[in-house]
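Visitor: sharing a model that was predicted from the sequence below.
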Amino acid sequence: MTDEQFDEICRSALAYDPGAASEPTWSKIRRRPRWSWLPTIPETLTCGLACGFILFVFWVQLGHKTGLPTDSNPVVQKAVGGSLAGLQASTLQVPDTTQWTEASLGFPRVIGSEARKGR
Amino acid sequence: MEIIALNPTEVRPDYSADLELARRCATGDERALREAFEAYESLLRKLIYRNLGSREDAEELVATTFLKFWKSAHHYRGISSLRSYLTRIALNLCHDASRKRRLSVVPEPALPSQEEHPLAEPIRQGLLRLDREDRELLSLYYLEDWDYNEICDSLGITYDVLRTRLVRARKKLRLTVEENND
């Protein structure tokens, strides 16, 4: 038997008419896609982990910006006898007053100030 | 054995119609899925049946193939035909099914036919006894008059590998058939 004859027999032996498209199969397919938009469990877990990580990074960054200073001041430390345990840090910002003058603050002119300046 | 005349430089056809159908499926268009189902269901059922030997499994896996396609239609790029793409999904499912159920493929009894060649049944049995790779290749080669590029696309192999495997698989099938027939 030649290869061509063998191929021909194989083709006819394996020919199989499955008939028309199966409606029960189609209804199985139709029923399921309604739920196919739902994410799978691995997709949900991956998304959750990614969101958790982003929130964690954001939270850490935010903590650094608003956190109280932790460096101890040696002068204060010396004044209180070495321990700062009882002290509370304050975030109150004291404005820089070195640039302020009487004129810039709008104070009334002090009598005799010119004379003092002239001496 | 005869060397098959393939033409690897053949210009690939335009798959824009397939791409459009897949795009419609990806948007959730049920009519598009129905079109694909009507066009390729019988091919897939035939192919799965020849690879697993069970009509029930074939119907179940055809449904799963289309469901997988429904979910992954946006991945189809139109590089190969939609037929090859679906075939690839179906063959992967066949592989998974036979591995999970530890199926050594058990063929269903053939329908009696008076005009059949005496080697027809040994050929069907022999095909199911071949290795997975050889069985997939020969089922595509004998079941459909496929373009060789499509067989390559469906199996994810190159033209050279296809040529080598085809010669080897045909030889194996012939040996199996002749042994069983003696």
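Guide: Received, thanks.
Visitor: what about the helix or strand where B:Ser42 lies, distance to the chain center?
Guide: Assigned by DSSP states H and E, B:Ser42 belongs to helix B:30-52. Counting by CA atoms, centre = their mean, to the nearest Å, helix B:30-52 is centred 11 Å from the centre of its parent chain.
Visitor: tell me what it is packed against?
Guide: Judged by 3 or more CB pairs under 8 Å, 6 or more residues apart in numbering or on different chains; DSSP states H and E, helix B:30-52 is in contact with helix A:23-31, helix B:16-26, helix B:55-72, helix B:82-100, helix B:132-143. Heads up, the C-betas are built off the backbone N, CA and C, glycines and all.
Visitor: how many other residues sit next to the residue in chain B positioned nearest to chain A?
Guide: Residue nearest to chain A within chain B (CB to the nearest CB): B:Ala120, separated by 3.6 Å. Residue crowding around B:Ala120 was assessed by other CB atoms under 10 Å in any protein chain shown; the count is 19.
Visitor: quick check: closest non-adjacent residue to it.
Guide: In space, and not counting its chain neighbours, B:Ala120 is closest to A:Ala13: 3.6 Å by CB to CB, 6 or more residues apart in numbering or on different chains.
Visitor: skipping adjacent residues, who's closest to B:His74 in space?
Guide: The nearest residue in space to B:His74 (CB to CB, 6+ apart) is B:Ala26, at 4.0 Å.
Visitor: now swap in B:Ile48 and tell me
Guide: Nearest non-adjacent residue to B:Ile48, counting by CB to CB, 6+ apart: B:Ala58, 4.2 Å away.
Visitor: one step back: of the helices and strands packed on helix B:30-52, which approaches B:Cys152 most closely?
Guide: Between B:Cys152 and the helices and strands packed on helix B:30-52, the tightest spacing by CB to CB is seen for helix B:82-100, at 8.5 Å.
Visitor: thinking again about what came up before, okay, the residue of chain B closest to chain A: pLDDT?
Guide: In this prediction, B:Ala120 carries a pLDDT score of 84.
Visitor: enumerate the residues of chain A near chain B.
Guide: Residues of chain A lying close to chain B by CB under 8 Å from any CB of the partner chain are A:3-4, A:6-7, A:9-16, A:18-22, A:24-26, A:28-30, A:32-33, A:36.
Visitor: which among those end up buried?
Guide: A:6, A:9-10, A:12-14, A:16, A:18, A:21-22, A:25-26, A:28-29, A:33 (16 or more other CB atoms under 10 Å in any protein chain shown).
Visitor: coming back round to it: ok, now how distant is the residue nearest to B:Ile48 from B:Ala36?
Guide: Distance, B:Ala58 to B:Ala36, by CB to CB, to the nearest Å: 17 Å.
Visitor: show me which of those two is the more surrounded one.
Guide: When B:Ala58 and B:Ala36 are compared on other CB under 10 Å, the one with more neighbours turns out to be B:Ala58, at 25 against 21.
Visitor: which stretches of chain B aren't confidently modelled?
Guide: B:1-12, B:101-114, B:145, B:182 (pLDDT under 70).
Visitor: need the pLDDT of the residue of chain A found nearest chain B.
Guide: Chain B sits closest to A:Ala13 of chain A, with a gap of 3.6 Å, by CB to the nearest CB. The confidence metric pLDDT takes the value 84 at A:Ala13.
Visitor: from what I can see it touches B:Arg124, true?
Guide: Yes: between A:Ala13 and B:Arg124 there is a contact under CB atoms under 8 Å: 5.8 Å.
Visitor: could you chop chain B up by domain?
Guide: Annotated domains of chain B cover B:14-105, B:116-182 [automatic domain parsing].
Visitor: related to what we said a few turns ago, now the residue of chain B closest to chain A: how far from A:Ser12?
Guide: To A:Ser12, B:Ala120 is 7 Å away according to CB to CB.
Visitor: same check on A:Leu55?
Guide: With CB to CB as the criterion, A:Leu55 and A:Ser12 are 65 Å apart.
Visitor: what's the burial count for B:His95?
Guide: By the criterion of other CB under 10 Å, B:His95 has 14 neighbours.
Visitor: thought it was touching B:Arg132?
Guide: Yes: if you go by CB under 8 Å, B:His95 and B:Arg132 touch, sitting 6.3 Å apart.
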